[in-house]
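Q: Model the following, please.
(one chain, ligands or ions: 2)
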Amino acid sequence: MSFLKAEGMRGGYGNDDILNGCTVEADKGEIAVIVGPNGAGKSTAMKAVFGMLALREGSVTLDGRDLTKLKPTERVAEGMSFVPQVRNVFPTLTVEENLEMGAFLRRDDISGTMEEVYGLFPILKEKRRQPAGELSGGQRQQVAVGRALMTKPTVLMLDEPTAGVSPIVMDELFDRIIEIARTGIAVLMVEQNAKQALEIATRGYVLQHGTNAYTDTGEALLANPEVRRTFLGG
Ligand SMILES: Nc1ncnc2c1ncn2[C@@H]1O[C@H](COP(=O)(O)OP(=O)(O)O)[C@@H](O)[C@H]1O
Ligand SMILES: [Mg+2]
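A: Numbers count the residues shown, from 1 in each chain. Ligands and ions are numbered 1, 2, ... in the order given. From the prediction side, this is the model:
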């Protein structure tokens, strides 16, 4: 059984089901990537795993513990951390204040974790006194990822971390995400840059209409002619 397992998720907004039996998993040290067309329900699946959406069916377990009924803050206490697709930093707060906000649940000394985040993203240390809103798009995404790491998560969930950044900045972010996974964190990530993301994915999911159209290793999905033609632009 996988470390993180979200199984048979069904649910949506109001009475409409957006997720129709979606299953995603990630093990420690692994990068699991969800790709799929706009509106497929990728963000909805991430929200459901994090508890921002009540499920009508299905379950979310972490290390064998059933989290299905827990609120997002309770899931953070269980080890989950989530970087949403939009509004993932506080633009008027400084970089350092954003990181401090990320650690709001902690009562212990956070300075060591902050140094780890600055080690991963050195530019953030330089800019720690600047409002996050003044940073470039790629740097803001670093702040968002750094903030999520401040809880010392065992599962890091990222919804389109490379949205709107240049290819070079995307490659750099992916390298940092690989580094994060190597520390033993389970990474579950949604990506529009599907080909590049599947290249670093141990596990990949193609989501369509709220259900798993294809589930395989990243490598196998990239090699699948059907997946390439339909979802990866050939
Ligand atoms: N807050 C919301 N209220 C109602 N419908 C929503 C909401 N967010 C997303 N949707 C709808 O759910 C579907 C899936 O959206 P989403 O999960 O954001 O897709 P993706 O991330 O794959 O692009 C879309 O049809 C979208 O319009
Ligand atoms: Mg989305």
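Q: Next one: residue 197 from residue 163, what distance?
A: 12 Å (CB to CB, to the nearest Å). Backbone N, C-alpha and C define where each C-beta goes, glycine included.
Q: Who has more neighbours out of the two?
A: Just comparing residue 197 and residue 163: by other CB atoms under 10 Å the higher neighbour count belongs to residue 197, 24 against 15.
Q: Please, which helix or strand holds that one?
A: Assigned by DSSP states H and E, residue 197 belongs to helix 194-199.
Q: Could you point out the helix or strand that follows that helix?
A: With DSSP H and E, the next secondary element past helix 194-199 is strand 203-208.
Q: near ligand 1 at all, the helix or strand just after that next one?
A: Proceeding C-terminally, strand 203-208 gives way to strand 211-216 as the next helix or strand, assigned by DSSP H and E. No - using CB under 6 Å from any ligand atom, strand 211-216 never reaches ligand 1; the gap is at least 12.0 Å.
Q: for this protein, which spans come out with low pLDDT?
A: The chain contains no residues with pLDDT under 70.
Q: Contact residues of it facing ligand 2?
A: 42-43, 85 (CB under 5 Å from the ion).
Q: Tell me the residues of this protein that contact ligand 1?
A: Going by CB under 6 Å from any ligand atom, the residues of the chain near ligand 1 are 13, 18, 36, 38-44.
Q: and these, which two are the farthest apart?
A: 13 and 36 (18.0 Å; CB to CB).
Q: and the two? which has more neighbours close in?
A: residue 36 (24 against 10).
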